[in-house]
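Asks: Need a 3D model of the following:
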Amino acid sequence: MIAETLRAKTGMRWAFACAFTAAVAAFSISGASAESVLRVGNMGEPDTLDPHHVAGVWEDRIVGDMFMGLTTEGPDASAVPGAAESWTVSDNGKVYTFKIRDHSWSDGSPVTAHDFVYSLRRILHPETAAKYASLLYPIKNAEGLNSGKMKGMENLGVRAVDDKTLEVTLIAPTPYFLTQLTHYTAFPVPHKVVEKHGTDWVKKENIVSNGPYMLDEWVPSTHVKLVKNPKFYDAGSVSIDRVTYYPAEDRTAVQKRFRAGEIDIAKDFSSDQIDWLRENLPNQTRISAYLGNYYYPINTTKAPFNDKRVRQALSMAIDRKAITEKVLKTGEIPAYSFVPPGTSNYGTPSYVSWKDDSMVDRTAKAKALLAEAGFGPDKPLEFTLSYNTSENHKRIAIAVSAMWKKIGVKAELFNSEVKVHYNSLQQADFQVARAGWIADYNDPQNFLYLLQSSTGPLNYGQYKNAEFDKFMEQAAVTSDLKVRASLLAKAEAIAMDDQPVMPIYYYVSKNLVADHVKGWVANPRDTQRTRYLSIQK
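Replies: Take a look at the predicted model:
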């Protein structure tokens, strides 16, 4: 009896202690969850956080949370008012007048039209050596100033009418211009901060931004942490207080972290896991159409790749259907054009002439072309195929090298981390390489301009064709959309015959998104800004 009573009292005390501990834990968790945190597997280490020097989607996800252009992305990635609250367009479609909204930098200083004049002049100045400057060539005198053929940045077609009014003059009506302004090339940078600190302006102690988030910490190869910007004009509508971007490129490792609950979003996954993911994480596995092209650029300045027959042979020998259906298995579509089907302001893409030939016929033709170029069993074509670290890229490279082996080609594989890889591409320090292009705006020009001789570092293989350039230049000043589409199609037909790039497949976006992440909207650009998301556990 005594023993039972003592046991009962002890049990009551134990139960009370457990309840108290649980209550404290619940209070602690509640307190911790008061700060809403998003963790993203970003699949790449940023090279910089200066919007005028970034060039990859993994960098765009970060700087796009920190900065805001004249227009910005809505939840579905469509262009909506950003730093400009409104605008008007002249009758001839060439002059845009923007009213800058009343908002400030994260240090409290006002954002003005003068910041945009300074920023657009900065990115187009030859000394800045911005990789993406050519994207802004629709602006009057932009190309001449950026190329150094014209002097005096005051000649750029951009002027501040007053502190809150910006006027931008184009060389011709440009149907995608407002969407183009959502891109980081058009982001403003703080004039006084950049002038004061030079290249150090992006350091944590110096950097200021005008978007919904600001930099809290950047530990290279570990993470980038952003915190909510209390000075953001719409801060009251921003739910997530902190976002951490992890640069890991190992898709399998990131997937394991997602399954363990250590990250909330994975911006890619290894395709060999698709069957398991569809069976076990069907609601969190998000696959949708993506306006992009996975391709292999060829360095046309290096022999023997300056021979069109060699480039054509390599492209013909790639069995794209086998790659999409047997290697990837996640819905990608074999690519036989550089512009994806369904792109706005375009008709049917200009496909390669051998698109519908059998692989048997294509293989035979490829061997014949190589023989004409002087290669065969006694003199095999040998080169290095470069790709950035990723299980998917590696598997595709192995498959392609096996396909090339059937036509007597020996390709040695070489991989490097993403920022090193793309720096090599932009310096034309490669033979054949892997690349991917995701549209900055929904228009065929955004794909085809990569092959213009005036484009610079983004024309990885330094392709030059005067007739191609002529059609692109004519299209740039043509306002009739049907005529313009015809000119762009003629340019693409030339490129698809020359094969300076080997399109392999049209992308789909592949994300893992936790159930507690709300506000996610799939879209062809796969752009989901953190300001529109929330965490609801």
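Asks: Quick one: end-to-end length of stretch 173-184, please.
Replies: Using CA to CA, to the nearest Å, the end-to-end distance of stretch 173-184 comes out at 21 Å.
Asks: typed the wrong thing, it's stretch 337-351
Replies: 5 Å.
Asks: all strands for the stretch 351-500 of the chain, in order.
Replies: Here the stretch 351-500 of the chain has its strands, by DSSP state E, counting those that start in this stretch, at 381-388, 409-416, 432-433, 435-438.
Asks: ok, now the stretch 151-300 of the chain?
Replies: Using DSSP E, counting those that start in this stretch, strands in the stretch 151-300 of the chain cover 158-162, 165-169, 213-219, 223-228, 242-246, 265-266, 285-297.
Asks: I'd like the ones you listed laid out as a markdown table, including mean neighbour count.
Replies: Heads up, the C-betas are built off the backbone N, CA and C, glycines and all. Output for the strands of the stretch 151-300 of the chain, formatted as a markdown table (neighbours: other CB atoms under 10 Å):
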| stretch | mean neighbour count |
| --- | --- |
| strand 158-162 | 16 |
| strand 165-169 | 20 |
| strand 213-219 | 18 |
| strand 223-228 | 21 |
| strand 242-246 | 21 |
| strand 265-266 | 26 |
| strand 285-297 | 21 |
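Asks: Mean pLDDT and distance to residue 344 added to these, as a markdown table?
Replies: Output for the strands of the stretch 151-300 of the chain, formatted as a markdown table (pLDDT from 0 to 100; distance: least, CB to CB, whole Å):
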| stretch | mean pLDDT | distance to residue 344 |
| --- | --- | --- |
| strand 158-162 | 98 | 26 |
| strand 165-169 | 98 | 22 |
| strand 213-219 | 98 | 30 |
| strand 223-228 | 98 | 32 |
| strand 242-246 | 98 | 30 |
| strand 265-266 | 98 | 27 |
| strand 285-297 | 95 | 9 |
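Asks: Using CSV, lay out the ones you listed together with distance to residue 377.
Replies: Formatted as CSV, the strands of the stretch 151-300 of the chain follow (distance: least, CB to CB, whole Å):
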stretch, distance to residue 377
strand 158-162, 59
strand 165-169, 59
strand 213-219, 53
strand 223-228, 51
strand 242-246, 48
strand 265-266, 45
strand 285-297, 24
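Asks: And whichever strand or helix holds residue 509, how far out from the chain middle?
Replies: According to DSSP states H and E, residue 509 maps onto strand 501-513. Distance of strand 501-513 from the chain centroid (CA atoms, centre = their mean, to the nearest Å) equals 12 Å.
Asks: Packing partners of that strand?
Replies: strand 265-266, strand 285-297, helix 308-316, strand 333-334, strand 435-438 (3 or more CB pairs under 8 Å, 6 or more residues apart in numbering; DSSP states H and E).
Asks: quick one: strands adjacent to the helix or strand following it?
Replies: Remark: after strand 501-513, the chain's next helix or strand is strand 517-518, criterion DSSP H and E. Here strand 517-518 has these sheet partners by DSSP bridges: strand 534-535 (antiparallel).
Asks: Tell me which of the strands of the stretch 151-300 of the chain lies nearest to residue 517.
Replies: strand 265-266 (6.3 Å; CB to CB).
Asks: which residues are contacting that closest one?
Replies: 38-41, 43, 251, 254-255, 257-258, 511-514, 517 (CB atoms under 8 Å, 6 or more residues apart in numbering).
Asks: closest to residue 385 among these?
Replies: Nearest to residue 385 among the contacts of strand 265-266, with distances taken as CB to CB, is residue 251, at 19.8 Å.
Asks: For that closest one, the count of nearby residues, please.
Replies: 25 (other CB atoms under 10 Å).
Asks: Now do the phi/psi pair for the nearest residue to it once chain neighbours are set aside.
Replies: Distances taken as CB to CB, 6 or more residues apart in numbering put residue 270 closest to residue 251, at 4.0 Å, once the chain neighbours are dropped. Dihedral angles of residue 270 (phi, psi; degrees, to the nearest 10) stand at phi -70, psi 130.
Asks: so residue 270 makes contact with residue 252?
Replies: Yes - judged on CB atoms under 8 Å, residue 270 makes contact with residue 252 at a distance of 5.2 Å.
Asks: of these two, who's got more company?
Replies: More crowded of residue 270 and residue 252, by other CB under 10 Å: residue 270, with 21 against 11.
Asks: and the more buried one, what pLDDT?
Replies: At residue 270, the model reports a pLDDT of 91.
Asks: what sits against it?
Replies: 251-252, 255, 391-392.
Asks: again, only using 6 Å
Replies: 251-252, 391 (CB atoms under 6 Å, 6 or more residues apart in numbering).
Asks: Could you dump the residues you listed into TSV and include pLDDT and distance to residue 291?
Replies: Shown next, in TSV, are these (pLDDT from 0 to 100; distance: CB to CB, whole Å):
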residue	pLDDT	distance to residue 291
251	92	22
252	92	27
391	92	24
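Asks: What about those, which are in helices?
Replies: 251-252, 391 (DSSP state H).
Asks: that's a helix at residue 98, yeah?
Replies: No - applying DSSP: H, G, I helix; E, B strand; the rest coil, one finds residue 98 to be strand, outside a helix.
Asks: and the residue nearest to it when sequence neighbours are not counted, how many neighbours?
Replies: In this structure, residue 98 finds its nearest non-sequential neighbour in residue 84, 3.9 Å apart by CB to CB, 6+ apart. Per other CB under 10 Å, the neighbour tally for residue 84 reads 24.
Asks: Residue 84 contacts residue 97, correct?
Replies: No - when contacts are counted by CB atoms under 6 Å, residue 84 is not listed as touching residue 97 (9.5 Å).
Asks: For residue 537, see how far away the closest residue to residue 254 other than its chain neighbours is.
Replies: Among residues not flanking residue 254 along the chain, residue 41 sits closest, at 4.0 Å (CB to CB, 6+ apart). Residue 41 is 19 Å from residue 537, where distance means CB to CB, to the nearest Å.
Asks: now do residue 404
Replies: Taken as CB to CB, the span from residue 404 to residue 537 is 49 Å.
Asks: These two: who's more crowded?
Replies: Counted by other CB under 10 Å, residue 404 and residue 537 do not tie: residue 404 has more neighbours, with 21 against 10.
Asks: you'd agree that one is up against residue 410?
Replies: No - Residue 404 lies out of contact with residue 410 (CB under 6 Å); the separation is 7.8 Å.
Asks: overlap in contacts of these two?
Replies: Common neighbours of residue 404 and residue 410 (CB under 6 Å, 6+ apart) do not exist.
Asks: List the buried residues in stretch 405-420.
Replies: 407-409, 411, 415, 418-419 (16 or more other CB atoms under 10 Å).
Asks: quick revisit: tell me which of the strands of the stretch 351-500 of the chain lies nearest to residue 139.
Replies: That would be strand 435-438 among the strands of the stretch 351-500 of the chain, by CB to CB, at 22.0 Å.
Asks: mind checking how far the closest one is from the chain centre?
Replies: 7 Å.
Asks: who touches residue 103 in this structure?
Replies: Residue 103 sits in contact with 111, 233, where contact means CB under 6 Å, 6+ apart.
Asks: Against residue 407, how distant is it?
Replies: On the measure of CB to CB, residue 103 and residue 407 end up 58 Å apart.
Asks: cool, and residue 167?
Replies: Residue 167 is 56 Å from residue 407, by CB to CB.
Asks: Residue 219 now?
Replies: Counting by CB to CB, the gap from residue 219 to residue 407 is 47 Å.
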